[in-house]
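Q: the following block contains a protein sequence and its predicted model.
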Amino acid sequence: MQALISTLAETSSIQAEVEQLILSQDGRQIQALQAELVMQKPNKLNWHVIAPYEELMISDGESLWYYEPDLEQVSIQDFPDDVENNPILLLNDDLQAIADAYEVSMGYVDAEVKQYILLPLTTSSSYERFSMTFSGADILQMQFESSVGQLTSFSFSNITNNAAIDPTVFSFVTPADIEIIDSRQAVP
């Protein structure tokens, strides 16, 4: 656990290109996405899916906007803080939540690459197993296995850690003439 916490603590922001693959229980590819990730601790996120169709997910740390240009709609909700069911939050700053939610073990892929295996401590998690692979402080891959055997894999490339990020990257400006679905508890 301490090694994972130390590795995550080295990074205050991440910018990367991401390939996401979702595989069925029998290894068949269900979905493949190309995206760009910008994340800044704590809880700021910009996830821009480029292919096969455009989507945008932005968080300012309090609200989360999910924009689907093809559907001309944006959904707004409170930022999720449930690290057990939102594995991308593992890259964020709530290290105590990781310690409270997972049993962690570590192994070496080679002399430079470490892999952490995280097993949820409760049965309420949507996932049975996570793995996170790092080269130094650079995240190379995250994999999540669901309770039904589906595997989601994120492979990171062109990684930049700890660069200054323009704060407007984490602001969503609602385009005109789109449907807004706002399910936040306390709407500002």
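A: Structure's in. What do you need?

Q: partners of Ser131 in the sheet?
A: Listed beta-bridge partners, Ser131: Ile117, Gln143 (assigned using DSSP bridges).

Q: from Leu8, how far out is it?
A: 14 Å (Cβ to Cβ, to the nearest Å). Yep, even glycine has a C-beta here, placed from its N, CA and C like the rest.

Q: can you check Ser153 too?
A: 19 Å.

Q: these two: who's more crowded?
A: Taking neighbours as other Cβ atoms under 10 Å, Ser153 and Leu8 compare with Leu8 leading, 21 against 16.

Q: how confident is the prediction for that one, by pLDDT?
A: Note on Leu8: pLDDT of 85.

Q: again, but for the one 5 residues further on
A: Looking at Ser13, its pLDDT reads 93.

Q: and the nearest residue to it once chain neighbours are set aside, what does it touch?
A: For Ser13, ignoring the flanking residues on the chain, the nearest one in space by Cβ to Cβ, 6 or more residues apart in numbering is Gln40 at 4.3 Å. Contact partners of Gln40, counting by Cβ atoms under 8 Å, 6 or more residues apart in numbering, are Ser12, Ser13, Ile14, Ile165, Phe170.

Q: tell me which other helices or strands the lowest-mean-pLDDT helix or strand in the chain touches.
A: Within the chain, no helix or strand scores below helix 95-101, which has a mean of 75 by mean pLDDT, DSSP states H and E. Packing contacts for helix 95-101, counted by 3 or more Cβ pairs under 8 Å, 6 or more residues apart in numbering; DSSP states H and E, involve helix 2-9.

Q: state the mean pLDDT of stretch 152-169.
A: Stretch 152-169 comes out at a mean pLDDT of 95.

Q: which residues are in contact with the helix or strand hosting Thr160?
A: Thr160 belongs to strand 151-161 when assigned by DSSP states H and E. Identification of contacts with strand 151-161 by Cβ under 8 Å, 6+ apart yields 10-23, 37, 88, 137-146.

Q: buried subset of the residues you listed?
A: 11, 14-16, 18, 20, 22-23, 37, 88, 138-145 (16 or more other Cβ atoms under 10 Å).
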